[in-house]
Structure formats: structure tokens, C-alpha cells
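Participant: here is my input; please provide its structure:
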Amino acid sequence: MKKDCYIIFSIIAFNIFLVIEWGLSLSSIILIFGMWSIYGVKIFKEVTYNKNIKLINILYKIYKTIIIIFVSTFLIIESAIFININQNKNVKSYKNIEYLVVLGAAINGKEVSKTLKVRLDKALEYYNKNKEIKIIVSGGQGKDEVISEAEAMYRYLIDKGADSKKIIKEDKSSTTFENIVYSKQILKGKTKEKILIVTNDYHLLRSRIIAYILGLENEGLSSPSSLSGCLYYTVREYPAMIIYVIKSMIFRISNCI
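Facilitator: As a prediction, the model looks like this:
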């Protein structure tokens, strides 16, 4: 009983810490839900043992299986993202790239946000060493945005010295999945080489997997994030990875029929 009190106190304390640091965000909710769900296995087991009722036993096994799947997939996906981050290459590692695709993010008025700025700066780093490359800036206009993300990205790149003739705007997308779908439409018949996807480090693995599923051979170039930012967004990647990988597979299959 004393041990249970320590466990419950520890979970509550960590939950409070998460809410203070991250608010009631998707990332904090995932971790809070996960911790209580795992502890729930212990409670459910004790109830099952005490009651010894067949239906409760069945429900316990189903619940335990669901939690095992949740924890296993969470650990696999999070580990894969961090491994991918640690294997990120620099701009000198890629040659014979004809098209670079910069994935959009929210903007502030007509200006790019900090998240989008670091993506564009990484793209410029590559562009300045490979002036012949063509850049697709991908991002539509949100309900609270006065211009499209693609337009803001275009203006930023021009302001930093990029050749306007080398930049192509994709301004219809609102998700990473759509970034890839609409960019692929632009690329259709234009290149047989791999494309280079540019985004934040925590976002790169999902973007590359979606592109690969949709039939785009690709490499990745990412901008680094702070440790706290990386942890926050990597947790958020868990449901996004599952949802959009499945969506990409369904889209690819349905378009092959």
C-alpha cells in the first residue's frame, strides 16, 4: 500500500510538472494518459485477482494487450525519431539533387515564424552551395493567416538573395501529407532523381516516410531544435506518425487501383 502511494504521488508530481511546462497540450496529455494507463494495468490486475470473474479476466487481458501495444509503438516510434535525428547529415552530404522541398509551418502575419525560419535558413545553406537547385516552398493559407505560408517563404528566400526563378510555390496544402501530395504533383515528370526534404529534425522522419510511401525517392535535411522543443514535438509526433502513415498508405493503394 505504501509503495502504491509513492507511485501515485510520483505520477501526480510529474503530471503537474508537465502541465506547468507544456500546458494542457497534446504532448502532455499523451504522457499523462500513458502513465495512468500503465498504472491502470496494476489496478485492473488486482481487481481481477480479487473478483476472479471470467468477464473481468477477459476485459483485463484486452486492456493489458491494448496498453502493451500503445507502449511498444510509442517507444518504437520515439526511438526511431531520435535515431533519425542523430543520423542527420549536413549540406555537404548530398549531391545531384535537382529539387529541394521546404515544408511549411505557421507564420506570424506576413512574416515567417521561428520554426519556419530555421527550415528556410537550412534550405538557404544548401542553396548557397548548390545554386542550380530548384526550391519548392510548400504551405497553404490558414484561416488566421493573411498570406499563404508558401508566399511568406518565397518572400523570405528572395530577401535573403535566392533567385526568384528557382522558387516554386505550392500554396494549397494544410498538412504534411498534403505538402507531399501537392509537391509531388508539381514534380510529376520533372525529375527522376531524389528530392531533398527540408524541415525540423523531429519532423523529418514522418515527412520522409510519407514521401516514400507516396512514391517520392527522397533524402532529408533538417534544422536542429532545442532539447526541450525536440522532446515536446517528438511526443506529438507519435499520433501524427500513425495517422498520416496509414493515410498515406490508403491514398497510395486507392490511387493504384
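
Participant: from here on, just use CA atoms for contacts and neighbour counts.
Facilitator: Noted.

Participant: residues contacting the residue nearest to Met249 when sequence neighbours are not counted?
Facilitator: Counting by CA to CA, 6 or more residues apart in numbering, the nearest residue to Met249 once its immediate chain neighbours are dropped is Ile213, at 6.4 Å. With contact set as CA atoms under 8 Å, 6 or more residues apart in numbering, Ile213 has these partners: 245, 248-249, 252.

Participant: which among those residues end up buried?
Facilitator: For the contacts of Ile213, a burial check counting by 16 or more other CA atoms under 10 Å picks out 245, 248.

Participant: of the contacts of Ile213, closest to Thr234?
Facilitator: Within the contacts of Ile213, distances to Thr234 taken as CA to CA reach their minimum at Val245, with 15.7 Å.

Participant: now do the contacts for the closest one.
Facilitator: Val245 makes contact with 206, 209-210, 213, according to CA under 8 Å, 6+ apart.

Participant: what's around Ser28, how many residues?
Facilitator: Look at Ser28: counted by other CA atoms under 10 Å, it has 22 neighbours.

Participant: helix or strand for it, just tell me which one.
Facilitator: Taking DSSP states H and E as the criterion, the element that holds Ser28 is helix 26-51.

Participant: which helices and strands sit right next to that helix?
Facilitator: helix 2-22, helix 54-86, helix 227-254 (3 or more CA pairs under 8 Å, 6 or more residues apart in numbering; DSSP states H and E).

Participant: on that earlier part again, most neighbours, which of the contacts of Val245?
Facilitator: Neighbour tally across the contacts of Val245 (other CA under 10 Å): the maximum, 25 neighbours, falls on Ile210.

Participant: state the three-state secondary structure for that one.
Facilitator: The three-state label given to Ile210 by DSSP: H, G, I helix; E, B strand; the rest coil is helix.

Participant: so who does it touch?
Facilitator: Applying CA under 8 Å, 6+ apart to Ile210 gives the contacts 177, 180, 244-245, 248.

Participant: export the residues you listed to TSV and tack on pLDDT?
Facilitator: Formatted as TSV, the contacts of Ile210 follow (pLDDT from 0 to 100):
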residue	pLDDT
Phe177	96
Ile180	95
Tyr244	95
Val245	95
Ser248	95
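
Participant: among those, which pair sits farthest apart?
Facilitator: With CA to CA as the measure, no two of the contacts of Ile210 lie farther apart than Ile180 and Val245, at 12.1 Å.

Participant: show me where pLDDT drops low in the stretch 1-150 of the chain?
Facilitator: Segments of the stretch 1-150 of the chain classed as low confidence (criterion: pLDDT under 70) are 1-2, 49-52.

Participant: buried residues in stretch 70-79?
Facilitator: Buried, per 16+ other CA under 10 Å, within stretch 70-79: 74, 77-78.

Participant: for stretch 187-207, same thing?
Facilitator: Neighbour counts using 16+ other CA under 10 Å place 194-207 of stretch 187-207 among the buried residues.

Participant: one more: stretch 224-242?
Facilitator: Along stretch 224-242, these residues count as buried under the neighbour rule (16+ other CA under 10 Å): 224, 230-238, 241.

Participant: cool, and stretch 111-122?
Facilitator: 111-113, 115-122.

Participant: I'd like the helices and strands packed on helix 26-51 laid out as TSV, including distance to Gly104.
Facilitator: Written out in TSV, the entries for the helices and strands packed on helix 26-51 read as follows (distance: least, CA to CA, whole Å):
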stretch	distance to Gly104
helix 2-22	23
helix 54-86	19
helix 227-254	16
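
Participant: of those helices, which is nearest Ser138?
Facilitator: Proximity to Ser138 (CA to CA) singles out helix 227-254 among the helices and strands packed on helix 26-51, at 17.2 Å.

Participant: out of the contacts of Ile213, who's nearest Lys172?
Facilitator: After measuring those against Lys172 - CA to CA - the closest member comes out as Ser248, at 17.5 Å.

Participant: wait, isn't that closest one in contact with Phe177?
Facilitator: Yes: Ser248 is in contact with Phe177 according to CA atoms under 8 Å; the separation is 7.2 Å.

Participant: I appreciate the help and will end here.
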